[in-house]
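Compute the structure for the input listed below.
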Amino acid sequence: MNNINTLYTSFIENRNTVKKVFSSESSYIIPISANVFCVNDVMADADELKKCKKLIKKNEGLFSTLRGNIRSVIVAKLSISDDPENKLMEISRINTLLKKYFSTSDYSALLAVVLSERTSEDKVEDIAARGKEIYKLMKKDHPILTSNEDCVMAGLMAMSEKSNEDLLSEAEENFKLLRMKFSDKNAIQTVSQILALADGSPEEKTDRLIQLYEMLKENGRKFGKSSHLSTLASVSILPEDLSVICKTILEADDFLSNQKGYGTFGLDKKTRLMHAAMLTGDYYQPADNLGASASALALVAAEEAMMCAAIVGATIAASSAAYS
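Below is the predicted model:
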């Protein structure tokens, strides 16, 4: 994306297009689905979205796990595929294979989508098996914090060139350092795993994240310390100067504050700021973002963590509505 103002307007247009096709979808999920198009520098096409939505519905007997909170995300990804039907079949095969290693959930379905994008199908079983081992190590370190949601991060960590021991020991060091600043242990665990995938020492990476958090705070923007934090981690590992990243987040937040859906009756300020950071990540994403480098994997991990957070938000919102 060459022009950041174009990115801002494209995001709103994509969000509106996705919302028209998924009018009953959670307001937490829609922006994440819209960002699929921004990341790939294409515009959402309502007709293509409708076709892919029907494709999943047509095969709903086979793809029951793809009908949950991530449905619009999967439809968005299918709509930009050269062959949506074959891509859906591939995701289904991977999803079926993952059942041997992880409990069936929205999160395992999301991992199936990620693996279909990031690796060849013949390598999936090895990645899934390694991911299960990493998941067990996570569970050993943090038995209460580790849940189904962590299978996505375990699968991505399984694609790293770092050893399991190095990944988990660094994640634990990141966790200890971040606990001195933040209190939400679930959020810190996810951020620690994202940072473990990136290059650099734990001290350097955690310090950079904390510096960016403080810069935003000094400018009157208080970034969320819970599930929002993974998105801030994703931009903190970008190679740009932190002052440049902060300035861009502030500009994106100013833009979003004037858009429908982010006002008094829209998403809260912390979620808006998270979306501003998300757009900043889109703009500065490195050329090798589709590769398997440490920085690319860390950025993908952060993107998927944001999707997981949106799933959690949508689930909580639905539960609250049911009992209100």
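
Check the burial of the nearest residue to residue 8 once chain neighbours are set aside by counting its neighbours.
Across the structure, with Cβ to Cβ, 6 or more residues apart in numbering as the measure, the residue nearest residue 8 apart from its sequence neighbours is residue 255 (4.8 Å). All C-beta spots, glycine's among them, are computed from the backbone N, C-alpha and C. Look at residue 255: counted by other Cβ atoms under 10 Å, it has 19 neighbours.

Can I get stretch 214-223 in PDB? Just the C-alpha atoms.
These are the backbone C-alpha positions of stretch 214-223, laid out as PDB (Å, rounded to 0.1, in the frame of the first residue of the first chain):
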ATOM      1  CA  GLU A 214       4.000   4.800  26.900                       C
ATOM      2  CA  MET A 215       4.400   7.000  23.800                       C
ATOM      3  CA  LEU A 216       0.700   6.600  23.000                       C
ATOM      4  CA  LYS A 217      -0.200   7.200  26.600                       C
ATOM      5  CA  GLU A 218       1.700  10.500  26.600                       C
ATOM      6  CA  ASN A 219      -0.300  11.500  23.600                       C
ATOM      7  CA  GLY A 220      -3.600  10.900  25.400                       C
ATOM      8  CA  ARG A 221      -4.200   7.400  24.000                       C
ATOM      9  CA  LYS A 222      -4.400   4.500  26.500                       C
ATOM     10  CA  PHE A 223      -4.000   1.200  24.700                       C
END
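
Name the residues of it that are buried.
When neighbours are counted by 16 or more other Cβ atoms under 10 Å, the buried residues of stretch 214-223 are found to be 215-216, 221, 223.

Apart from its chain neighbours, what residue comes closest to residue 277?
With Cβ to Cβ, 6+ apart as the measure, residue 231 is the residue that lies nearest to residue 277, at 4.7 Å, once sequence neighbours are left out.

Which elements pack onto the helix or strand encompassing the one you found?
Taking DSSP states H and E as the definition, residue 231 sits inside helix 229-236. Judged by 3 or more Cβ pairs under 8 Å, 6 or more residues apart in numbering; DSSP states H and E, the packing partners of helix 229-236 are helix 185-197, helix 202-218, helix 242-257, helix 269-284, helix 294-323.

Kindly compare burial across those helices and name the winner.
Per-stretch averages of neighbours, counted by mean count of other Cβ atoms under 10 Å, single out helix 185-197 among the helices and strands packed on helix 229-236, with a mean of 25.

Could you tell me the angle between that one and helix 229-236?
Interaxial angle of helix 185-197 relative to helix 229-236 (axes from the mean of the first three to the mean of the last three Cα atoms, to 10 degrees): 20 degrees.

From here on, call the first residue 449.
Got it, first residue is 449 now, which makes that one helix 633-645.

which strands and helices sit next to helix 633-645?
So helix 633-645, by 3+ Cβ pairs under 8 Å, 6+ apart, packs with helix 598-605, helix 612-627, helix 650-666, helix 677-684, helix 742-771.

Now do residue 648 against residue 661, distance only.
With distances taken as Cβ to Cβ, to the nearest Å, residue 648 is found 17 Å from residue 661.
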